[in-house]
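S.K.: Predicted model follows, preceded by the sequence.
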Amino acid sequence: MRVRPKKVKGQFGFWIEDLFNFPAFTFPAIDLELSERRFLWIPDEPGYAPEGSSQTWYWFVQDFEVEVTWKARENALLMSLKMTNLSELPLTIYAIDPARITIDPLLLKNPAQLSIFQNGFQSWSPTRFRKANDTMKFPRIKSFGEMNHYTDSGFWKRKDGLLSNQFLVLKEQSALEAGIFGFLTQKTGLGEIFWQTTERGQLTCRLDFGGKELLPEQTLRTEALYMASENWPDIVENYADAVGEAMSARVPDRPLVGWSSWYEYYTKISQSDMLANARIAGSQPELGIEYIQLDDGYQTAVGDWLVRKKSFPEPLVKLAEAIKSHGMKAGIWLAPFMASTKSILYREHPQWFLRD
């Protein structure tokens, strides 16, 4: 894949060749606020590239500087953006779109033949292939949406496309070749990919900063955006490898095997239940169970992790010792940054909690 600067219909940006079987035009955009004025910046003039450089372009605006850098990998491109506040006042950054990619109209003319792999926000969110002309489905019960989706997203509730978190895959249903667009990290901004399905569609790769303040002379570097064309499923495996490398992932030598109380008992778990399952697992070594994990339900309230329910009459260390006596390791679930308003912790230390 190659990148070169280009102007299309008055818009300055970049032309990417050989990206998922079609050339693509892309440009950056920044949603920001300065001096109580909120506006969207997009390039209205060509970027400046130092002599001899084909990888970095600069835009010098009155109050800030934008630097876009491209790096080539095998079958992939990495794009990152750097923004520096040149003004004497703080800037507020709501979102940065390193890439707004114009979708080839030929792809949109027959969307039934094109699939979108949509990645969910968290483990309870839908993650699956969707038809390219699908739109987002919204839970009828508001709390279900808040529990399962990123409802603070600027794309939430839009009815003209699909929202995928961190990465998105395009794939023709009858072919192996696919295209992937995804961020390698989530350290400073929350990555979102929005596939717009209108006639003049757009693939927006966005980092949500939620109103981050950038002080004078401060610089913000975005997460790297990864774009690649390759066969399925190798394309997602290679993307995952790139994410792991960027995040310094700790990869175990082998898959961990264990049993968790959650999927059988949910919060209705007791010490006797745990002991019974530990005995059964220990008596069947052919199962290869190495861990027995006590999940949610042992505490009186979320947040009161040291206060046990009556169904756990003995200190949890006793349960851990019993699990170890059966030849396995003991594990426990807790959520250290969450607490119920009914918890002792919340009642005694309300000042510890963030409020919206």
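M.R.: Looks like it arrived, so ask away. Fair warning: this is a prediction, and the values are worked out from it, not measured in the lab. Numbering: from 1, shown residues only.

S.K.: Please name the nearest non-neighbouring residue to L215.
M.R.: Distances taken as C-beta to C-beta, 6 or more residues apart in numbering put P90 closest to L215, at 5.4 Å, once the chain neighbours are dropped. C-beta here means a position set from N, CA and C on the backbone, and glycine is covered the same way.

S.K.: which stretches of the stretch 151-300 of the chain form strands?
M.R.: When assigned using DSSP state E, counting those that start in this stretch, the strands of the stretch 151-300 of the chain occupy the ranges 161-165, 167-172, 177-183, 190-196, 202-214, 219-221, 225-231, 258-260, 291-294.

S.K.: Buried residues in the third one, which are they?
M.R.: Okay, so that is strand 177-183. For strand 177-183, burial by neighbour count (16 or more other C-beta atoms under 10 Å) applies to A178, G179, I180, F181, G182, F183.

S.K.: Likewise for stretch 319-328?
M.R.: For stretch 319-328, burial by neighbour count (16+ other C-beta under 10 Å) applies to L319, A320, A322, I323, H326, M328.

S.K.: so what's the fifth one up against?
M.R.: Contact partners of H326, counting by C-beta atoms under 8 Å, 6 or more residues apart in numbering, are A278, R279, A281, G282, S283, I292.

S.K.: G258 touches L294, doesn't it?
M.R.: No: judged on C-beta atoms under 8 Å, G258 makes no contact with L294 at a distance of 11.2 Å.

S.K.: Could you check which of the two has the larger neighbour count?
M.R.: L294 (24 against 14; other C-beta atoms under 10 Å).

S.K.: show me the contacts for the more buried one.
M.R.: Contacts of L294 by C-beta under 8 Å, 6+ apart are S261, I269, M274, L316, L319, A330, G331, I332, W333.

S.K.: Out of these, which is nearest to V66?
M.R.: Distance to V66 across the contacts of L294 (C-beta to C-beta) is lowest for W333, with 43.6 Å.

S.K.: That closest one and S340, how far apart?
M.R.: 15 Å (C-beta to C-beta, to the nearest Å).

S.K.: so how far is stretch 49-69 off the chain centroid?
M.R.: When distances are taken as C-alpha atoms, centre = their mean, to the nearest Å, stretch 49-69 is centred 27 Å away from the chain's centroid.

S.K.: And the helices in the stretch 51-200 of the chain, which stretches?
M.R.: For the stretch 51-200 of the chain, the helices defined by DSSP state H, counting those that start in this stretch occupy 105-109, 142-148.

S.K.: Now the weakest link among those helices, please, by mean pLDDT.
M.R.: Averaged per stretch, pLDDT over the helices of the stretch 51-200 of the chain is lowest on helix 105-109, reaching a mean of 60.

S.K.: Domain ranges for the chain, per the record?
M.R.: Here the domain parsing of the chain from automatic domain parsing is 2-246, 258-352.

S.K.: what is the rounded mean pLDDT of the last one?
M.R.: Domain 258-352 shows a mean pLDDT of 97.

S.K.: mind checking how far the closest residue in space to M79 that isn't next to it in sequence is from P350?
M.R.: Nearest non-adjacent residue to M79, counting by C-beta to C-beta, 6+ apart: L225, 4.5 Å away. To P350, L225 is 41 Å away according to C-beta to C-beta.
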